[in-house]
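Student: Next comes the sequence, and after it the predicted model I'd like to discuss.
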Amino acid sequence: MISIVDYRAGNTASVSNALKRLGADFRITNSIEELEASSGIIFPGVGHAQAAMKALKENGLDDWLRETPLPVLGICLGMQLLFEHSVEGDTDCLGLFPGKLLRFNDQSAKVPHMGWNTFDEIEEGHPLMQGITRDDYFYYVHSFYAPPAAQTIGSCSYAGVTFTSVAAEGNKMGVQFHPEKSGDAGARLLANFINLTR
């Protein structure tokens, strides 16, 4: 059973629909007891980093996410919160990956970065990336980005900036794009994550 973290900042409806299409057993919850009993965790997110971290802290979900040994997949803001800090609201995040989230320069490009992009580089050997290539398109909507780090296993570029598109270390993984809105390639990535929870 996969649990989708419900913390008032998650895009739970579209993630739920994607999991239904894949035939996955899932629930939406903010109960730590139910999260503990899961096989894997999807940590979605839309909105403002500061408000999202506040919502996590209210239920003790911030510490739980840092400490859980279960496979975790952060999506969009959910991935960003895995890093140390965001300039959005000068927000301390979960600190699982090193790095500070920055904002795209709206003087040089349209912000948010919205639309379909391929990868610049990927590590095809990582289990999350099985069957995914540099030529696959994924759908992005974001104004803030994580610079490349040691945990980056997929990178993308926008407005002359290279940023982390996929990050992973141990049981913690994150994607900047929305796999649930990315057609067959997104479904493949979600299926890879489901396989990691078995």
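Tutor: Sure, I can see it.
Student: Where does residue 155 fall, secondary structure wise?
Tutor: Residue 155 belongs to strand 152-158 when assigned by DSSP states H and E.
Student: which residues sit against that strand?
Tutor: Outside strand 152-158, the residues that touch it by C-beta atoms under 8 Å, 6 or more residues apart in numbering are 104, 109, 113, 117-123, 126, 128-129, 140, 145-146, 148, 162-168, 175-176. To be clear about C-beta, it is placed using only N, CA and C from the backbone, and glycine gets the same treatment.
Student: and those residues, which of them are in strands?
Tutor: Those of the contacts of strand 152-158 mapping onto strands are 113, 117, 121-122, 140, 145, 162-168, 175, per DSSP state E.
Student: now the spatially closest residue to residue 194 that is not a sequence neighbour: how far from residue 185?
Tutor: When the adjacent residues along the chain are set aside, residue 194 lies closest to residue 24, with 5.3 Å between them (C-beta to C-beta, 6 or more residues apart in numbering). As judged by C-beta to C-beta, to the nearest Å, residue 24 and residue 185 stand 17 Å apart.
Student: before we move on, what about residue 74?
Tutor: Going from residue 74 to residue 185 by C-beta to C-beta gives 18 Å.
Student: Can you check which helix is longest in this protein?
Tutor: Taking residue count as the measure and DSSP state H as the definition, the longest helix of the chain comes out as helix 183-196.
Student: Buried by neighbour count: which residues of it qualify?
Tutor: 185, 186, 187, 188, 189, 190, 191, 192, 193, 194, 196 (16 or more other C-beta atoms under 10 Å).
Student: and the residue lying closest to residue 52 once chain neighbours are set aside, which of the three is it?
Tutor: The shortest distance from residue 52 to any residue that is not its chain neighbour, by C-beta to C-beta, 6+ apart, is 3.9 Å, and that residue is residue 9. Under the three-state scheme (DSSP: H, G, I helix; E, B strand; the rest coil), residue 9 adopts coil.
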